[in-house]
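S.K.: Can you look at this prediction? I've put the sequence above it.
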Amino acid sequence: MGEISAVTVLVPEGSATAEIMLAGRVDRSADALLDEALESLLIDPQVRRIEVDVALVDSCDYGGLTVFIRAQHLAADFGVPLRLVQAGPLLLRVLNATGLSRLLTAA
């Protein structure tokens with residue numbers, strides 16, 4: 001299993017949706033990386049929605065789920081919806097089994 005290999009933040013000009021792309025393993029150690037990515041987005045008045053692209057996530061443990069929930073709650077505190085997008089079958093299975101798919105992937 002790989003480690004977190006990349007966190008990329010994209011805010012297309014003129015778009016209200018920012019995208020954070022994660023790759024590799026998401027566990028508790030990803031918390032600081034996601035916080036850093038969210039920090040500037042949540043104070044940017046242009047950003048009204050954040051999508052976390054998890055297509056390249058190859059594993060996610062309980063700590064990773066906690067990271068996603070915490071990020072979603074932090075964004076909600078700023079009035080910005082945060083959703084996971086492009087979840088692969090393995091991550092989607094974990095999200096469905098824990099009941100988190102509705103919270104983290106709903107539009």
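M.R.: Looks like it came in fine.
S.K.: send the alpha carbons of the helix or strand hosting L90 over as CSV?
M.R.: Assigned by DSSP states H and E, L90 belongs to helix 89-98. The C-alpha trace of helix 89-98 is given here as CSV (Å, rounded to 0.1, in the frame of the first residue of the first chain):
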residue,chain,number,x,y,z
PRO,A,89,-15.0,0.6,-5.4
LEU,A,90,-12.8,-0.1,-2.3
LEU,A,91,-13.3,3.3,-0.7
LEU,A,92,-17.0,3.3,-1.6
ARG,A,93,-17.4,-0.1,0.0
VAL,A,94,-15.9,1.3,3.3
LEU,A,95,-18.1,4.4,3.1
ASN,A,96,-21.2,2.4,2.5
ALA,A,97,-20.4,-0.1,5.3
THR,A,98,-19.9,2.6,7.8
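S.K.: For it, give the mean pLDDT please.
M.R.: Helix 89-98 shows a mean pLDDT of 91.
S.K.: chain center to that helix: distance?
M.R.: 15 Å (C-alpha atoms, centre = their mean, to the nearest Å).
S.K.: Give me every residue in contact with the helix or strand following that helix, excluding its own residues.
M.R.: Next along the chain after helix 89-98, taking DSSP H and E as the criterion, comes helix 101-105. Helix 101-105 has contacts (C-beta atoms under 8 Å, 6 or more residues apart in numbering) with 68-69, 72, 83-85, 87, 92, 95. For glycine as for every other residue, the C-beta is placed from the backbone atoms N, C-alpha and C.
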